[in-house]
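> model the structure of this input:
(chains A and B)
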Protein chains: 2
Amino acid sequence: MAVKIERGIFRTEKRPKIESFASVVGGKEGKGPLGKYFDKVIEDSHFGKDTWEKAESRFQLETVSLAIKKAGLVKEDIDAIFSGDLINQCIGSAYGLRELEIPFLGLYGACSTMAEGMLLSALITDSGAVDRSAAVTSSHFSTAERQFRFPLSYGGQRTPTSQWTCTASGAAIISSECGEIEIIGGCIGKITDMGISDINNMGSAMAPAAAETIRRYLTATGTDPNDYDAIVTGDLGIVGSRLLVEFLQKQGIDISAQHFDCGAMIFDPEKQDTHCGGSGCGCSGSVMCGYFLPSMVSGERKNVLFAATGALMSPMSLQQGETIPTISHLVHLGRVK
Amino acid sequence: MAVKIERGIFRTEKRPKIESFASVVGGKEGKGPLGKYFDKVIEDSHFGKDTWEKAESRFQLETVSLAIKKAGLVKEDIDAIFSGDLINQCIGSAYGLRELEIPFLGLYGACSTMAEGMLLSALITDSGAVDRSAAVTSSHFSTAERQFRFPLSYGGQRTPTSQWTCTASGAAIISSECGEIEIIGGCIGKITDMGISDINNMGSAMAPAAAETIRRYLTATGTDPNDYDAIVTGDLGIVGSRLLVEFLQKQGIDISAQHFDCGAMIFDPEKQDTHCGGSGCGCSGSVMCGYFLPSMVSGERKNVLFAATGALMSPMSLQQGETIPTISHLVHLGRVK
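Reported below is the predicted structural model:
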């Protein structure tokens, strides 16, 4: 049984394992610095479908199916699946996973969804209710851009702090028994809102949530950054990452040597015109499942914190004068000895 | 530790309890047949705010705050909160609960959210990671109608199968120790899509999901409808309820004597011009927390299945020619002896 350390912070008892994982990305992500690490690169942004929303659904289906296949499993082996995405009413997930007929738990955590899904998968495994569950998420540049910002054909200028929503998906299979990476614990995020309302500066809006979650976990577990091989955030991007490190330094916590941000890593800002980096649920989903988890299986990294962040606003809430509430969920991953 | 019965179906071991619950509804719901059962009726559809979205957020905050207060607790006693709603990006939940600073897990289950939240609350309690968590949800006629159907001022004719989205919220506090109602088990729903694409006939779209979830739970647990005092669905409405009973009868399961539907109960279709009944996350949320849970505390009902249903489409997915995927999550509630 999991052990509550304090409010929202826990250690698992049975140490649920990550049995398998997969990542599928779009063409631009495939041309980025991490391109060679992803399982599949799909050049066609429509992925053979007639709309981008249907393409995003196919990304999710492809990714979770691949994760299941890589583990030598069939869909009937998965007891439950957690999924969510950014499209209104999370249709990327519902339509993508419909045909799998796996018991389905819909999430809305914006770009924190991969961490939220892994955290809840670990807890329902520790509860004994499931033997195997999956966490999957996706994003798509074209579904996000036209929903949150401008019509694609408008061709607007992007501000220097803006990030590029990744066309990408990541999936992990969490098992009570099998796997070389274990989920040691986690921290459920609190909604944090520092009053930022610029939809083109999401990294700055989300950095305080990541700082708060990382600080809470380190404090509650009595650990410090040097205990970890990597402290990975989701999609703070270049500006947000700098802020995160500064916020924590002001609180006496220096993560500068351990910090990686999936959004800052996935593109080459000079060559790919992506300004502050990548974003979207699929950014941390694909980089965690394509780059970091394999580095744990290989033994290169043994003790990793994964704190994905999400911005919980909508275009309508900003039009109504609201600021951007954000959240960061953390999962603590360890290499099985 | 919870026990897995089969894929997606479980019994809890520690029998998490429902320590407290609350319901807050709008004026029309307050004038309906169940009006006297709700904790609060708010006549002002703006709830003192300048937009309906902000009003919906206030409904959630009011309801969960009341549930916390009724248990004699303070917000710091709640380790985690599950919440979701129907507004794009679930802003009803994020903005409503922001100020509480309770570790927050966002869900998207459409109108199944109350059951999904109770189910996950029960499992993370059984896992040992939390002592107390909350499940809350809301809907608002005006936020839903203009997002999913027509501008309010358009004044369009409603079809005979249409339902009226409730302005309502329900919240339950789930505890490892205290309470007179226990969560015995549950069933995680599978996405079901029978090819219906009429957004004005959601009850018919969702009835097969409820039928499948109820059948799965009864079969897996070796129980039959006579073992329960009530089998409560969320918002199938009048037409959908009839279909549910028929579907199950064709499979040799007769729930006609035990079946209640929150959507069919909350309004008087003759006097209130609500056609097939109520709908929305807040419909089953408020009726479960305002009417059914109190009837279990009083001892009138001792063994209840609550199977809320959700329709996982969006206006855009329907415009793109898709049908309506639906889901039903079930929680099994018992009166503590």
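> got the residue ranges for the strands in the stretch 1-150 of chain A?
Ranges of strands in the stretch 1-150 of chain A, per DSSP state E, counting those that start in this stretch, are A:3-6, A:9-11, A:17-26, A:40-42, A:80-84, A:104-106, A:132-139.
> quick one: the residue of chain A positioned farthest from its centre and chain B, what's the gap?
In chain A, counting by CA atoms, centre = their mean, residue A:154 sits farthest out from the average C-alpha position, at 28.7 Å. Residue A:154 is 18 Å from chain B, where distance means CB to the nearest CB, to the nearest Å. Bear in mind the C-beta positions are built from the backbone N, C-alpha and C, glycine included.
> how near is that residue to residue A:269?
In this view, residue A:154 and residue A:269 are 22 Å apart by CB to CB, to the nearest Å.
> same deal with residue A:43?
22 Å.
> more neighbours, the two?
residue A:269 (16 against 10; other CB atoms under 10 Å in any protein chain shown).
> that one touches residue A:277, doesn't it?
Yes - between residue A:269 and residue A:277 there is a contact at 6.6 Å, judged by CB atoms under 8 Å.
> overlap of the contact sets of those two?
Common contacts of residue A:269 and residue A:277 (CB atoms under 8 Å, 6 or more residues apart in numbering or on different chains): residue A:238.
> deepest of the strands of the stretch 1-150 of chain A, which one?
Most buried of the strands of the stretch 1-150 of chain A by mean neighbour count (mean count of other CB atoms under 10 Å in any protein chain shown) is strand A:132-139; its value is a mean of 33.
> please save the CA atoms from that strand in PDB.
Extracted in PDB, the C-alpha atoms of strand A:132-139 (Å, rounded to 0.1, in the frame of the first residue of the first chain):
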ATOM      1  CA  ARG A 132      -1.500  -3.200 -15.800                       C
ATOM      2  CA  SER A 133      -2.600   0.200 -16.900                       C
ATOM      3  CA  ALA A 134      -1.400   2.700 -19.500                       C
ATOM      4  CA  ALA A 135      -0.900   6.500 -19.500                       C
ATOM      5  CA  VAL A 136      -1.000   8.200 -22.900                       C
ATOM      6  CA  THR A 137      -1.300  11.700 -24.200                       C
ATOM      7  CA  SER A 138      -0.800  13.700 -27.400                       C
ATOM      8  CA  SER A 139      -0.700  17.100 -28.900                       C
END
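> phi first, then psi, for the residue nearest to residue A:116 when sequence neighbours are not counted.
Taking CB to CB, 6 or more residues apart in numbering or on different chains, and ignoring the residues beside it in sequence, residue A:116 has residue A:109 as its nearest neighbour in space, at 3.9 Å. Reported as degrees, to the nearest 10, the phi and psi values for residue A:109 are phi -130, psi 10.
> ok, residue A:109 - contacts?
Counted by CB under 8 Å, 6+ apart, residue A:109 has contacts A:84, A:115-117, A:281, A:308, A:310, A:327, A:329, B:105-106.
> those in helices, which ones?
Among those, the ones falling in helices (DSSP state H) are A:115-117, A:281.
> what helix or strand does residue A:182 sit in?
strand A:181-187 (DSSP states H and E).
> other SSEs contacting that strand?
If you count contacts as 3 or more CB pairs under 8 Å, 6 or more residues apart in numbering or on different chains; DSSP states H and E, strand A:181-187 packs onto strand A:9-11, strand A:17-26, helix A:113-127, helix A:202-221, helix A:293-297, strand A:326-335.
> contacts for it?
The contact list for strand A:181-187 (CB under 8 Å, 6+ apart) reads A:5, A:8-12, A:15-18, A:118-119, A:121-123, A:174, A:213, A:216-217, A:220-221, A:293, A:296-297, A:307, A:329-336, B:103.
> got the angle between it and strand A:17-26?
Put simply, strand A:181-187 runs at 90 degrees to strand A:17-26, going by axes from the mean of the first three to the mean of the last three CA atoms, to 10 degrees.
> so which residues on the stretch 151-300 of chain A come close to chain B?
Counting by CB under 8 Å from any CB of the partner chain, the stretch 151-300 of chain A comes close to chain B at A:187-191, A:193.
> just give me the closest of the residues you listed to chain B.
Distance to chain B, by CB to the nearest CB, is smallest for residue A:188 among those, at 3.7 Å.
> torsion angles phi and psi at the closest one?
phi -80, psi 130.
> so what's it up against?
Applying CB under 8 Å, 6+ apart, we find residue A:188 in contact with A:8-9, A:119, A:329, B:79-80, B:103-105.
> same deal with residue A:117?
Taking CB under 8 Å, 6+ apart, one finds A:82-84, A:107, A:109, A:134-137, A:172 in contact with residue A:117.
> can you list the residues you listed in TSV and add pLDDT?
Below are the contacts of residue A:117 laid out as TSV (pLDDT from 0 to 100):
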residue	pLDDT
A:82	98
A:83	98
A:84	98
A:107	98
A:109	98
A:134	98
A:135	98
A:136	98
A:137	98
A:172	98
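> quick check, nearest of those residues to residue A:264?
Residue A:264 has its nearest neighbour among these in residue A:137, at 19.0 Å by CB to CB.
> make sure the closest one is actually in contact with residue A:283.
No - checked against CB under 8 Å, the pair residue A:137 and residue A:283 is beyond contact range at 9.7 Å.
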